[in-house]
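> Quick one, what's the 3D model for this:
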Amino acid sequence: MKFDSKYRQFLPEARRIVVKVGTRVLADKAGRPMRSRIEGIVSQIASLRRAGYEVVLVSSGSIGAGMASLGIAKRPEGVPDLQMCAAVGQARLIATYEDIADAHRLKIGQMLLTYDDFSSRVRTGNARRTMEHLLRAGILPIVNENDVVADEEVKAFLSLGDNDYLAALVVKLIRADLLVILSTVDGLMDMTAAHPRRIPCVEKLDKAAFALVAPQTKGGLSKGGMDSKLRAASLVVKAGCSVVIADGRKAGRLADAVAGKDVGTIIPGGTI
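Just a heads-up that it's a prediction; the model follows:
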């Protein structure tokens, strides 16, 4: 038995799951949402819902979708331009989600949040009640940073990391059991080896784990990276929520992660 199977065997017992999907998983190089990728994610979530799981989807991609719609090739640097792209792209992105979800008889509800929604007790309570009500009604909440009116993410002052931090806040908001982060790599990779290899399990989020992170490439559509994913994980594992980081471009990765299969990297709840 592999050493990490003692953690993965409990993943199917999770009842409430937050799924975070990054921009580069959903979009092509031009930032256009790839319908096939969104179809794959929604299809797996619909199957999880039918199996009795409660799922919240934290989806990036609005700025990239807006850039593609407006014919902007390079990610703007100015906040007003980024917010303009978000305003155009969010409508385009959620319309694609709704069209695909309807085919799976899955209702969706959009929640656009800002950092202030988590710093005020009243607003936090309102957000929690809304999300709980959506879940009880069998509706899939699709959450994104409200880039149109909030500039914390686009300026990166709070290091939201392409919604990784937002996903962690949502986990704590609804007391989720499992966070699945779908990225463009199949988990944390050991880049110090002669040939990069996947690390199946991180039992301790310490300096050694963060030292394995490769430098983030600048100038792309997304602004996250493995560093932001590990920092997001460090927030939720202390609350007992396990984290799986896996390659969302590969078919069935979300379902495999929830089933406890050996995919990606698991960071078990309780890791210090």
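> All the helices of the stretch 151-272 of the chain, residue numbers only.
In the stretch 151-272 of the chain, the helices defined using DSSP state H, counting those that start in this stretch lie at 152-155, 164-174, 207-210, 226-237, 253-258.
> Okay, buried residues for stretch 4-19 please.
Within stretch 4-19, the residues scored as buried using 16 or more other C-beta atoms under 10 Å are 4, 7-8, 11, 14, 16-19. C-beta coordinates here come from the backbone N, C-alpha and C atoms, glycine included.
> The residues you listed in helices, which ones?
Judged by DSSP state H, helices contain the following of the buried residues of stretch 4-19: 7-8.
> Would you format the buried residues of stretch 4-19 as CSV with distance to S242 and pLDDT included?
Listed next are the buried residues of stretch 4-19 as CSV, based on distance: C-beta to C-beta, whole Å; pLDDT from 0 to 100:
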residue, distance to S242, pLDDT
D4, 11, 72
Y7, 7, 91
R8, 9, 94
L11, 7, 96
A14, 7, 95
R16, 12, 97
I17, 10, 98
V18, 11, 98
V19, 13, 98
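> In strands only, show me the buried residues of stretch 4-19.
Per DSSP state E, strands hold the following members of the buried residues of stretch 4-19: 16-19.
> low-confidence ranges in the stretch 101-250 of the chain?
Scanning the stretch 101-250 of the chain for pLDDT under 70 picks out 150-162, 193, 214-224.
> Wait, P12 touches D256, no?
No. Counting by C-beta atoms under 8 Å, P12 stays clear of D256, with 11.1 Å between them.
> Show me what the longest helix seen in the chain is packed up against.
If you go by DSSP H, the chain has its longest helix at helix 79-103. With contacts taken as 3 or more C-beta pairs under 8 Å, 6 or more residues apart in numbering; DSSP states H and E, helix 79-103 sits against helix 35-50, helix 62-70, strand 108-113, strand 140-145, helix 152-155.
> For the ones you listed, give me TSV that also has distance to K29.
Shown next, in TSV, are the helices and strands packed on helix 79-103 (distance: least, C-beta to C-beta, whole Å):
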stretch	distance to K29
helix 35-50	13
helix 62-70	10
strand 108-113	26
strand 140-145	21
helix 152-155	21
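> what's the burial count for D99?
Neighbour count of D99, defined by other C-beta atoms under 10 Å: 13.
> picking up where we left off before, hey, which of the helices of the stretch 151-272 of the chain is tucked in deepest?
When those are scored by mean count of other C-beta atoms under 10 Å, the highest mean neighbour count falls to helix 164-174 (a mean of 25).
> Counting by contacts, list what it packs against.
If you count contacts as 3+ C-beta pairs under 8 Å, 6+ apart, helix 164-174 packs onto strand 16-21, strand 54-59, helix 121-136, strand 140-145, strand 178-183, helix 226-237.
> Helix 226-237 and that one, what's the angle between them?
Inter-element angle recorded for helix 164-174 and helix 226-237: 10 degrees (by axes from the mean of the first three to the mean of the last three C-alpha atoms, to 10 degrees).
> Give me the angle between helix 164-174 and strand 16-21.
Here the directions of helix 164-174 and strand 16-21 differ by 170 degrees (the same axes, to 10 degrees).
> now helix 164-174 against strand 178-183, angle please.
Using the same axes, to 10 degrees: helix 164-174 against strand 178-183 is 160 degrees.
> which residues make contact with helix 164-174 from outside it?
The contact list for helix 164-174 (C-beta atoms under 8 Å, 6 or more residues apart in numbering) reads 16, 18, 20, 56, 58, 113, 118, 124, 127-128, 131-132, 135, 143-145, 153, 158-160, 176, 179, 181, 224, 228-229, 231-233, 235-236, 239, 241.
> Please state the offset of that helix from the chain centre?
9 Å (C-alpha atoms, centre = their mean, to the nearest Å).
> Next, the angle strand 54-59 makes with it.
160 degrees.
> and helix 164-174 with strand 108-113, angle?
Orientation check (the same axes, to 10 degrees): helix 164-174 against strand 108-113 gives 110 degrees.
> quick one, which of the helices of the stretch 151-272 of the chain is nearest to S43?
helix 253-258 (9.1 Å; C-beta to C-beta).
> Residues touching that closest one, excluding its own?
If you take C-beta under 8 Å, 6+ apart as the criterion, helix 253-258 is touched by 11-12, 14, 17, 19, 41, 44-45, 47-48, 53, 178, 180, 182, 186, 244, 246-248, 263-264.
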